[in-house]
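Asks: could you look at this predicted model? Sequence included:
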Amino acid sequence: MSEGFAKKVANTQVWKAIFRHGPPNNARNRAAVVAGNVFLHLHPIKLKKSGVQLGYTWCMGGLTFFVFLALTVTGVLLMFYYRPTAEYAFTDIIGLREHVPLGIMRELHRWGAHLMVITVWIHMFRVFMTGSYKPPREFNWGVGVVLLILTMLLSFTGYLLPWDQLAIWAITVGSNMAKATPFAGHGGPGAALAKIGDFVMVSDKNDVRFQLLGGRFVGEAALLRFYILHCVFIPLVVAILIAVHFWRVRKDGGISAPL
Amino acid sequence: MIKAAINYLSDPLYSFTLFIILFVLAMKRMDIVGTKKFGLALLIGVLAIFGWMVTDPVFFSVISLPDNIPIIILNGLVFWSTWYALYRGHQNDLRIAAGEQPIEGTPENREKVWAWPNLVYTELFCGILCTIFLIVWAIFFKAPLEEPANPTWAPNPAKAPWYFLGLQEMLVYFDPWMAGVVLPGFIIVGLIAIPFIDINPKGNGYYTFKERKFAIAGFLFGWLALWVYLIQVGTFLRGPNWTFYGPFEYWDFHKVVAENNVNLSEYFWIKMLNVGLPKNIFLREIVGIIFMGLYCVASVPFITKKWGYKYLPRMGAIRYYLMVFLLLGMALLPLKMYLRWFFTLKYIVAMPEFELNL
C-alpha cells in the first residue's frame, strides 16, 4: 500500500516537475542527480576513489565551506537583534542573553568563526602536504591563499562588534599595525618624506589606518565600517572566490591524485 | 620543582631553541616519526602531559577561558595533522622504494566512483559531525563579554585575536611596520609563490616526504615554528606589559624584567670605539646598513656557492633568487630573536627620524 502510494506520488506531474529523473539507483540517474542539481552540480559526476577518502582529504575544505554557511545563517539571525552603534551595540549583545530563549546563536557564530579559521589553516596544510598546488593547480592555490586572508579578516572585523573591552582593544592592537604601513601610514617609514612644501600628505587624519577606522580612534565610525565589511562586503567577495575556487578544482582535474 | 623548571624553560629563548632541535631531529628521523608507534606514543605523551598540567589551578584558569578553547583545538589538530601527513608520506616512501605506486595511485584508488552516493554522503556525515561539535561547544562555553568598550582605559595586556597573536608576538622583535605589514606581506607573497618556485614534479597528488624533503621542511618550519608556536607564546605565556610568564606562573602585574636593549650603532660607536654617536644619520647607522647589505645581498652568492648551485640551473635565475630572498626574509625573524636574546640587540638599523627601525 505505502509502496504503491509512493509510486503514485512519484508519477504525478508535480513530482516530475521538481525531480526530473528517477531515484539514483542506477548509473544514468546517479549522473543525472549530480549534473542536474544546482547545488550538487558543484560536484563531479565521478571522481577517483582516493578523492572520496577522508584519510586523504580530511574534508577540511568542505568543512570550511560548511562552517561558512553556518556562519551565514547564524549571522543573519544575529542581525535581527544587533545595531552597530556605540549606544546600542553592547546592550544588544547583553539583550541576546536575556531576551532570546535558548539563545546560542552568538556562541555558534563566534565559535564557528574560530573553527573556520582553524579548518582553513588545516586545509592549506593538507593541500601543501599532498603537493596539490603543483601544475595544473597553481592558480587555485593562489585563490586559496586569498580566501585564507579573507577568512582571517572576516573573523577580525567581527571581533569588534560586541563593543566590549576585549573587542575594542584587540582591534586597536590590530589597527595600530596599519598605522605603521611604510609610506601609507603616518607612523611608518617613509611617511615623513611624503610632503609637498609644508603640506603633509600622510597624516593621522588620512592614512590607511584612518581609512580603515573612519577616524583616528576605534570609535563609532569604526564600528559601522567593520559591521558593513563583516556582514556585506567580505562575505560577498568570499562567496565569489569560493565559486572560483570550487570551479577551478573541477576544471583543473578534480581532487589531486598521482599523475 | 618540576613546575618551576618548566616555567623557566618555557621562556622563548629556551623553548624556541628546544623546538628547533626537536624539529631538526624529526626531519632527520622520519623513519621513526612516520610510524604508528610514534603517533600513538605522541598521543599518549601529549595527553598525559596536558592532563597533568591541567591539574594546576593557574594553568587551568588560563586555558579554560572560552576564547582560548579554539587554540587548544588548533593544537590538537596540528599535532594530529602534522604526524598523520608525515606518516602517510613515510608509508608512501616505503612503497615507492619497493617499486610500487603510492597508496593514492594504486589501481583500486584510481578507479572512479560515483559522487552520489560516495562523496555526497561523506560530506553529509562530516557536516552532521561538525554541527554536533559546534552545538556542544556553544552550549558548554559562553561567548565572552567583558565591560563595555572604554577608549580611555586599556586592559593590560591588550591582545589581538588569537590568529594574529603570532604577529603581535613578532612585535617584541620588530617595529610595527615590519611585524605588522612587511612580514605578513612576505608570508602572503611567499605562499602565493610556492607553486611557481617549487618545480619538483614529484609528490603531486599524494603524501610523500623523501621526494620533497626540502619543501616540506621549509613549509613546516614556517608553519610550526614561526606561526603556531608564536601563537602559543602570545596566548599562554604573555601577560601584563607583554612580560613572559611560565605556564604555571601567576600573572603578577608587579613582575619586572630588567631589559636594557642596545642598538647596533651604540654597540659599535660607544662600546667598541668609545666615542659618541655621530650626528649624521647614515654614518651613525653605517654598521647596521652594512650588516643588512651583507645579509640581503652579499650572502646570496655565498649561499649559491655552498648550497644553491644544485638548484639554480634547474630553477632558472628568477625562481631561484626569489626563493632565496623569501628564505632570507623568513630567517630574519629567528635571527632577530637570537640577536635580542644573546646580545640584547634592539635595532640593527635605528633611524627613528624616518620611523625606519629594523
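Replies: Noted; the coordinates are in hand.

Asks: could you use CA atoms for every contact and neighbour count after this?
Replies: OK.

Asks: what comes up buried for the helix or strand containing A:Tyr56?
Replies: Using DSSP states H and E, A:Tyr56 falls within helix A:54-57. By 16 or more other C-alpha atoms under 10 Å in any protein chain shown, the buried positions in helix A:54-57 come out as A:56-57.

Asks: alpha carbons of the following helix or strand past it, as PDB, please.
Replies: The helix or strand immediately downstream of helix A:54-57 is helix A:60-79, counting by DSSP H and E. Presented in PDB, the C-alpha positions along helix A:60-79 are these (Å, rounded to 0.1, in the frame of the first residue of the first chain):
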ATOM      1  CA  MET A  60      38.900  20.300   5.600                       C
ATOM      2  CA  GLY A  61      37.900  22.300   2.500                       C
ATOM      3  CA  GLY A  62      34.400  21.100   2.700                       C
ATOM      4  CA  LEU A  63      34.200  21.700   6.400                       C
ATOM      5  CA  THR A  64      35.400  25.300   5.900                       C
ATOM      6  CA  PHE A  65      32.700  25.900   3.400                       C
ATOM      7  CA  PHE A  66      30.100  24.200   5.700                       C
ATOM      8  CA  VAL A  67      31.100  26.400   8.600                       C
ATOM      9  CA  PHE A  68      30.900  29.400   6.300                       C
ATOM     10  CA  LEU A  69      27.300  28.500   5.500                       C
ATOM     11  CA  ALA A  70      26.600  28.000   9.200                       C
ATOM     12  CA  LEU A  71      28.100  31.400  10.000                       C
ATOM     13  CA  THR A  72      26.000  33.000   7.300                       C
ATOM     14  CA  VAL A  73      22.800  31.500   8.800                       C
ATOM     15  CA  THR A  74      23.600  32.400  12.400                       C
ATOM     16  CA  GLY A  75      24.900  35.800  11.300                       C
ATOM     17  CA  VAL A  76      21.700  36.700   9.600                       C
ATOM     18  CA  LEU A  77      19.700  35.700  12.700                       C
ATOM     19  CA  LEU A  78      22.000  37.900  14.800                       C
ATOM     20  CA  MET A  79      21.500  40.900  12.600                       C
END
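
Asks: pLDDT at the spatially most central residue of chain B, what is it?
Replies: The residue lying closest to the centre of chain B (C-alpha atoms, centre = their mean) is B:Leu226, at 2.0 Å. Per-residue pLDDT puts B:Leu226 at 94.

Asks: repeat that for the one 10 residues further on.
Replies: Turning to B:Phe236, the model gives it a pLDDT of 93.

Asks: one more: B:Val172?
Replies: pLDDT, B:Val172: 90.

Asks: you'd agree it is in a helix?
Replies: No - assessed with DSSP: H, G, I helix; E, B strand; the rest coil, B:Val172 is coil; it does not lie in a helix.

Asks: quick one: it and B:Ile188, what's the gap?
Replies: 21 Å (C-alpha to C-alpha, to the nearest Å).

Asks: tell me how far stretch A:7-27 lies from the chain's centre.
Replies: A distance of 35 Å separates the centroid of the chain from that of stretch A:7-27, by C-alpha atoms, centre = their mean, to the nearest Å.

Asks: ok, residues contacting it?
Replies: A:29-30, A:32-33, B:116 (C-alpha atoms under 8 Å, 6 or more residues apart in numbering or on different chains).

Asks: which of the residues you listed count as buried?
Replies: A:29-30, A:32-33, B:116.

Asks: from the residues you listed, which land in helices?
Replies: A:29-30, A:32-33 (DSSP state H).

Asks: would TSV of these with pLDDT and distance to chain B be doable?
Replies: Output for those, formatted as TSV (pLDDT from 0 to 100; distance: C-alpha to the nearest C-alpha, whole Å):
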residue	pLDDT	distance to chain B
A:Asn29	90	10
A:Arg30	91	6
A:Ala32	91	10
A:Val33	90	8
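
Asks: ok, of those, which one's closest to A:Gly144?
Replies: When those are compared for distance to A:Gly144 (C-alpha to C-alpha), A:Val33 wins out at 28.3 Å.

Asks: quick one, what contacts the closest one?
Replies: A:Val33 touches A:21, A:24, A:40, B:116, counting by C-alpha under 8 Å, 6+ apart.

Asks: which of those are buried?
Replies: The neighbour-count test (16+ other C-alpha under 10 Å) marks A:21, B:116 as buried among these.

Asks: which one of the contacts of A:Val33 sits closest to B:Pro278?
Replies: Taking C-alpha to C-alpha as the measure, A:Leu40 is the one of the contacts of A:Val33 closest to B:Pro278, at 70.5 Å.

Asks: please tell me I have it right and that closest one contacts A:Val34.
Replies: Yes - using C-alpha atoms under 8 Å, A:Leu40 is in contact with A:Val34, at 5.0 Å.

Asks: and the one helix or strand A:Phe210 maps to, what's its mean pLDDT?
Replies: A:Phe210 belongs to helix A:208-213 when assigned by DSSP H and E. On average, the pLDDT along helix A:208-213 is 88.

Asks: quick one: buried residues of it?
Replies: Buried residues in helix A:208-213 (16+ other C-alpha under 10 Å): A:208-210, A:212-213.

Asks: any chance of those residues in CSV, with distance to B:Thr106 too?
Replies: Converted to CSV, these look like this (distance: C-alpha to C-alpha, whole Å):
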residue, distance to B:Thr106
A:Val208, 53
A:Arg209, 54
A:Phe210, 57
A:Leu212, 52
A:Leu213, 55
